[in-house]
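Participant: build me a structure from this.
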Amino acid sequence: MALPAQRSGVLARKLGMTRVFSEEGRHVPVTVLALDGCQVVGLRTEDERDVTTKKGGQVKRTDGYTAVVMGAGDKKAKRTPKAQREQFASAGVAPKAKVKEFRVKSDIALPEIGAEVQADHFVPGQKIDVAGVSIGKGFAGAMKRWNFGGLRATHGVSVSHRSHGSTGQCQDPGKVFKGKKMAGHMGAVRTTTQNLKVVKTDVERGLIMVQGAVPGSKGGWIMVRDAVKKAIPADAPTPGSFKAIAAAPAAEVQEGGAE
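Facilitator: Predicted coordinates for the structure are as follows:
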């Protein structure tokens, strides 16, 4: 769990990799992240609020922490559980395919529920941390999984050139220690890459271009936050770049009665 931050993170979808050219003419490999309708669908606060119980009573409850709940992607209402449909309805947003919380400090201003995040939430040159589920590789050997060197090519070694070798000692302690690097399942785990650089943002298309590789496959969901080990740029918007939902126009009342 990430520590509370000064600003909320965003949920983005990984589109793939491409390259952009710098002012010096050098090509920079970037990963393109799309803000697929990322909206604020809820808030977690330490303030007490009235909650209606199943029996119709009123009780006071508190979340005990401060966080911004982000939702992104479209999802059919009939494929959304009833409890989640009610939460989305109370927030005034359509059902979302992915929902995540971003812990923030309690002394900052929180965005409004229903506000949509813009791509200029992050500024070019800013360092960010991205987290996603890495690509699954299945069952992998020790050389592929842990970059072992393998055994010798000659001098008594046959068949087992890519094996991991000895895994422990003799009678004392007489076992293999937990956590020993051996062959096994590789990938398909949550991975965080820190201090990636934002190269460019496109507000109209909702794209964020990040220098380097981002964990996850194409189409996967990525959590993007301000880097915890780097200072936030002075020109970064606080509490963020949000676009409020336009109010639905009121129905026009026809003058006069029906003929």
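Participant: where does pLDDT dip in the stretch 1-150 of the chain?
Facilitator: Counting by pLDDT under 70, the stretch 1-150 of the chain shows low-confidence ranges at 1, 50-54.
Participant: tell me where it has helices.
Facilitator: 82-91, 142-146 (DSSP state H, counting those that start in this stretch).
Participant: residue 119: which of those helices is closest?
Facilitator: Set against residue 119 and scored by Cβ to Cβ, the helices of the stretch 1-150 of the chain come closest in helix 82-91, at 22.1 Å. Using the backbone N, CA and C atoms, a C-beta is placed for each residue, glycine as well.
Participant: what sits up against the closest one?
Facilitator: 40, 41, 42, 71, 77, 80, 94, 95, 96, 113, 114 (Cβ atoms under 8 Å, 6 or more residues apart in numbering).
Participant: please check the residues you listed and keep the buried ones.
Facilitator: 40, 41, 42, 71, 80, 94, 95, 96, 113 (16 or more other Cβ atoms under 10 Å).
Participant: show me the contacts for the fourth one.
Facilitator: Under the criterion of Cβ under 8 Å, 6+ apart, the neighbours of residue 71 are 11, 38, 39, 40, 41, 88, 93, 96, 98, 99.
Participant: number of residues surrounding the last one?
Facilitator: Spelled out, it's residue 99. 18 (other Cβ atoms under 10 Å).
Participant: thought residue 63 was touching residue 45, still the case?
Facilitator: Yes. Counting by Cβ atoms under 8 Å, residue 45 touches residue 63, with 5.9 Å between them.
Participant: next one: residue 233 from residue 22, what distance?
Facilitator: The gap separating residue 233 from residue 22 is 19 Å, by Cβ to Cβ, to the nearest Å.
Participant: ok, the two, which is more surrounded?
Facilitator: More crowded of residue 233 and residue 22, by other Cβ under 10 Å: residue 233, with 14 against 9.
Participant: can I get the contacts of residue 71 in a markdown table including distance to residue 18?
Facilitator: Compiled in a markdown table, the contacts of residue 71 are given as follows (distance: Cβ to Cβ, whole Å):
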| residue | distance to residue 18 |
| --- | --- |
| 11 | 21 |
| 38 | 21 |
| 39 | 26 |
| 40 | 29 |
| 41 | 30 |
| 88 | 33 |
| 93 | 31 |
| 96 | 27 |
| 98 | 23 |
| 99 | 29 |
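Participant: restricted to strands, list those residues.
Facilitator: 11, 39, 40, 41, 96, 98, 99 (DSSP state E).
Participant: go through the helices of the stretch 1-150 of the chain and name the closest to residue 157.
Facilitator: helix 142-146 (13.9 Å).
Participant: that closest one packs against which elements?
Facilitator: strand 184-186 (3 or more Cβ pairs under 8 Å, 6 or more residues apart in numbering; DSSP states H and E).
Participant: chain center to the strand it packs on, what's the gap?
Facilitator: Counting by Cα atoms, centre = their mean, to the nearest Å, strand 184-186 is centred 24 Å from the centre of its parent chain.
Participant: which strands and helices lie in contact with the helix or strand following it?
Facilitator: Using DSSP states H and E, the helix or strand that follows strand 184-186 towards the C-terminus is strand 190-202. Using 3+ Cβ pairs under 8 Å, 6+ apart, the elements in contact with strand 190-202 are strand 27-34, strand 127-133, strand 207-211.
Participant: closest to residue 168 out of those?
Facilitator: Across the helices and strands packed on strand 190-202, closest to residue 168 is strand 127-133 (Cβ to Cβ), at 31.9 Å.
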